[in-house]
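Undergrad: Starting from these lines, generate the structure:
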Amino acid sequence: MALFRPATVFPVLLAMLVATALPQDAAAAGAKDGSHGAAEHAQAEGERAEGAEESEQKPQRRQLSYQPLPIEGIQPWVLLRDLQLLQDTLVNGKASALEQYRQEILVVGARMKRADWSVWNNQRNLDAAAVFVLIGGDPLVAEIALKATTLSEGDTLPLRIAKAYADKDMKAAERFFSGFSPLDYPPSMRGQFAFAASIVVGNADMAKAEKLLNTSRRLAVGTLIEETALRRLVQIAGMKKDARQLSRVVRNYNERFSNSPYFGDFVRVFYQSSLLITEQDFPLIEPQLREVITRLSPEKQLKVVSLIAQKAVGLGRLPLARWAADTGLALTASNSAVEHRLNLYRAAALLPNRETMDEAKMLLGGISREKLDHNHIRLLDAVTELAGRLGFDFQQREEAPRIKTAMLGRMAGKQMADAQTKEGIADEVATESQKVIARRDALFEQLNELEPVELK
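TA: Here you go, the predicted structure:
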């Protein structure tokens, strides 16, 4: 299974990223007097020294320009800096910032296309166009800039990479990113390009994608780049079935970005990842799952835990299904359709366990078919049939006929104590019931066809 699918990632995920053209302090200095101070020159020298050894091995490395920044007329680096201000309000959770950003990115694209072609002979403006295209801006900006510029191939490389990325030309993007190094880009661009590189290599190398995501976080601390990278890392931790890593990343996100306009997407990715964690490791993520869910309104909590319970039953994640059903039952109205569905999920999760089998049967007896839709009626019938097959009386040591037949063949010729007999039959009951419950497609054909829930 591909880790990242370009067809779905590009139109949604790229629009989430807000980037910067250059640090605000440097921008202010350039706008004030068009020159760079000693501190910036020192930084430039430090970066050149840092990359000197690697440059010998990679002579085609791009040479970064530190020429004074132009301020007259329409300057793309200034427009992108303004988008950075909106990024700050997005991270802080300002309610109107997301819609304002969506409108502003259209305005910025229109202004960049109207800019005098001479602006594209400045490396920083080309870089600003590259970042703009990466975050979902109009790709026509890249076409105009590449046509207008007279700068070298090295200067235009980031913009050509960004254009290939936006055009979903994955072969070209992979070729460009094959030797990715943050040192090839100005400090203001490194986080964005590290994140883009993680998406490009993600389909082929999950470990490398994870490393690049962590790199992007370090290079763009506190921005939407880090926020989005954390959501991707939640997905990767789930695919790795690493409960400890999942808990750690979720705690990091929840403590720092709970006001993000994309918190709802984070909740979705987290609960989907939780479905991949084994039953044994569920206790490691349960505290974080509970804390994240409680940040939602009661109505949204109910929607989310209902989806979790539904999916968890189909995947055989029974502790998670019980937890979700119990959480939802505390929020739902008595005798509502949702209550009957949650009781059905809870019964399905309780049935395979010897200690809770009777409770499951009682729940099934109280579920009204009139309260269920067609698919849930099918699930009810399947679970009810299974409950009938598991009609073993541990006091009288009588088995249901179908299970008894299987057990007698294996137990022939053996003399077992009563306690051993009970234990052996209980294991057989649990094994068979687990197989039936986990047979997702047979029990609930549309279990994976879930409608999206708008969380925020």
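
Undergrad: any idea how far the residue lying closest to Ala148 once chain neighbours are set aside is from Lys147?
TA: What sits nearest to Ala148 in space, not counting adjacent residues and going by Cβ to Cβ, 6 or more residues apart in numbering, is Trp117, at 3.8 Å. To be clear about C-beta, it is placed using only N, CA and C from the backbone, and glycine gets the same treatment. Using Cβ to Cβ, to the nearest Å, Trp117 is found at 8 Å from Lys147.

Undergrad: neighbour-wise, which of the two wins?
TA: Trp117 (12 against 9; other Cβ atoms under 10 Å).

Undergrad: The closest residue in space to Leu140 that isn't next to it in sequence: what's it in contact with?
TA: Using Cβ to Cβ, 6+ apart and skipping residues adjacent in sequence, the residue nearest Leu140 is Lys113, 6.2 Å away. The contact partners of Lys113, taken as Cβ atoms under 8 Å, 6 or more residues apart in numbering, are 138, 140-141, 144.

Undergrad: Output those in JSON lines, with distance to Asn254 and neighbour count appended to each entry.
TA: Formatted as JSON lines, the contacts of Lys113 follow (distance: Cβ to Cβ, whole Å; neighbours: other Cβ atoms under 10 Å):
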{"residue": "Asp138", "distance to Asn254": "35", "neighbour count": "18"}
{"residue": "Leu140", "distance to Asn254": "39", "neighbour count": "12"}
{"residue": "Val141", "distance to Asn254": "36", "neighbour count": "27"}
{"residue": "Ile144", "distance to Asn254": "42", "neighbour count": "18"}
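
Undergrad: I'd like to know which of these is nearest to Phe176.
TA: Val141 (18.4 Å; Cβ to Cβ).

Undergrad: Could you name the specific helix or strand carrying the closest one?
TA: Element membership for Val141, per DSSP states H and E: helix 140-148.

Undergrad: Other residues contacting that helix?
TA: 109, 112-113, 117-118, 120-121, 125-126, 129-130, 132-133, 156, 159-160, 162-163, 166.

Undergrad: next SSE after that helix?
TA: Counting by DSSP H and E, what follows helix 140-148 is helix 153-166.

Undergrad: Skip ahead from that following helix and say which helix or strand is next.
TA: helix 170-177.

Undergrad: what mean pLDDT does that next one have?
TA: For helix 170-177, mean pLDDT is 87.

Undergrad: Please report how far Gln192 lies from Glu174.
TA: Using Cβ to Cβ, we find Gln192 at a distance of 17 Å from Glu174.

Undergrad: secondary structure element for the residue lying closest to Asp326 once chain neighbours are set aside?
TA: Counting by Cβ to Cβ, 6+ apart, Arg346 is the residue found nearest to Asp326 once chain neighbours are left out, at 7.0 Å. Arg346 belongs to helix 337-350 when assigned by DSSP H and E.

Undergrad: and if you look at Gly93?
TA: Residue-wise, Gly93 maps onto no helix or strand under DSSP H and E.

Undergrad: Let's test this: what are the backbone torsions at Ala330?
TA: Taking degrees, to the nearest 10, you get phi -70, psi -10 for the backbone angles of Ala330.

Undergrad: what number of residues lie near it?
TA: Neighbour count of Ala330, defined by other Cβ under 10 Å: 12.

Undergrad: can you check Glu370 too?
TA: Residues near Glu370, counting by other Cβ under 10 Å: 8.

Undergrad: on that earlier part again, report the buried members of the contacts of helix 140-148.
TA: In the contacts of helix 140-148, burial by neighbour count holds for 109, 112, 120, 125-126, 129-130, 132-133, 156, 159-160, 162-163, 166, counting by 16 or more other Cβ atoms under 10 Å.

Undergrad: Among those residues, which one sits closest to Leu275?
TA: Nearest to Leu275 among the buried ones among the contacts of helix 140-148, with distances taken as Cβ to Cβ, is Ala166, at 32.3 Å.

Undergrad: wait, isn't the closest one in contact with Val133?
TA: Yes. Using Cβ atoms under 8 Å, Ala166 is in contact with Val133, at 5.0 Å.

Undergrad: Spit out the residues that contact these two alike.
TA: 139, 142.

Undergrad: now the nearest residue to Leu79 once chain neighbours are set aside: how far from Phe132?
TA: In space, and not counting its chain neighbours, Leu79 is closest to Val108: 4.7 Å by Cβ to Cβ, 6+ apart. Between Val108 and Phe132 the computed distance is 7 Å (Cβ to Cβ).

Undergrad: same deal with Tyr345?
TA: 46 Å.

Undergrad: And for Ile293?
TA: Taking Cβ to Cβ, one finds Ile293 at 37 Å from Phe132.

Undergrad: Turn the contacts of Lys113 into CSV, including pLDDT and distance to Val269.
TA: Formatted as CSV, the contacts of Lys113 follow (pLDDT from 0 to 100; distance: Cβ to Cβ, whole Å):
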residue, pLDDT, distance to Val269
Asp138, 94, 28
Leu140, 96, 32
Val141, 96, 31
Ile144, 96, 36
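
Undergrad: returning to that earlier point: please, which helix or strand holds the residue nearest to Leu140?
TA: helix 97-114.

Undergrad: buried residues in that helix?
TA: If you call a residue buried by 16+ other Cβ under 10 Å, then helix 97-114 has these buried ones: 97-98, 101, 104-105, 108-109, 112.

Undergrad: Show me what secondary structure element comes after it.
TA: helix 123-134.

Undergrad: If you count contacts, what does that following helix end up packed against?
TA: helix 76-91, helix 97-114, helix 140-148, helix 153-166, helix 187-202 (3 or more Cβ pairs under 8 Å, 6 or more residues apart in numbering; DSSP states H and E).

Undergrad: Show me what the first one is packed against.
TA: In other words, helix 76-91. So helix 76-91, by 3+ Cβ pairs under 8 Å, 6+ apart, packs with helix 24-33, helix 97-114, helix 123-134, helix 224-239.

Undergrad: just the CA coordinates of the second one, formatted as CSV?
TA: So the one you mean is helix 97-114. Listed next in CSV are the C-alpha coordinates belonging to helix 97-114 (Å, rounded to 0.1, in the frame of the first residue of the first chain):
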residue,chain,number,x,y,z
ALA,A,97,-7.7,33.3,9.5
LEU,A,98,-8.3,30.1,7.4
GLU,A,99,-10.8,31.7,5.1
GLN,A,100,-8.7,34.9,5.0
TYR,A,101,-5.7,32.9,4.0
ARG,A,102,-7.6,31.1,1.2
GLN,A,103,-8.7,34.4,-0.2
GLU,A,104,-5.2,35.9,0.2
ILE,A,105,-3.4,33.2,-1.7
LEU,A,106,-5.6,33.9,-4.7
VAL,A,107,-4.9,37.6,-4.4
VAL,A,108,-1.2,37.0,-4.1
GLY,A,109,-1.2,34.8,-7.2
ALA,A,110,-2.9,37.4,-9.3
ARG,A,111,-0.4,40.1,-8.2
MET,A,112,2.6,37.9,-8.9
LYS,A,113,1.3,37.3,-12.4
ARG,A,114,1.1,41.0,-12.9
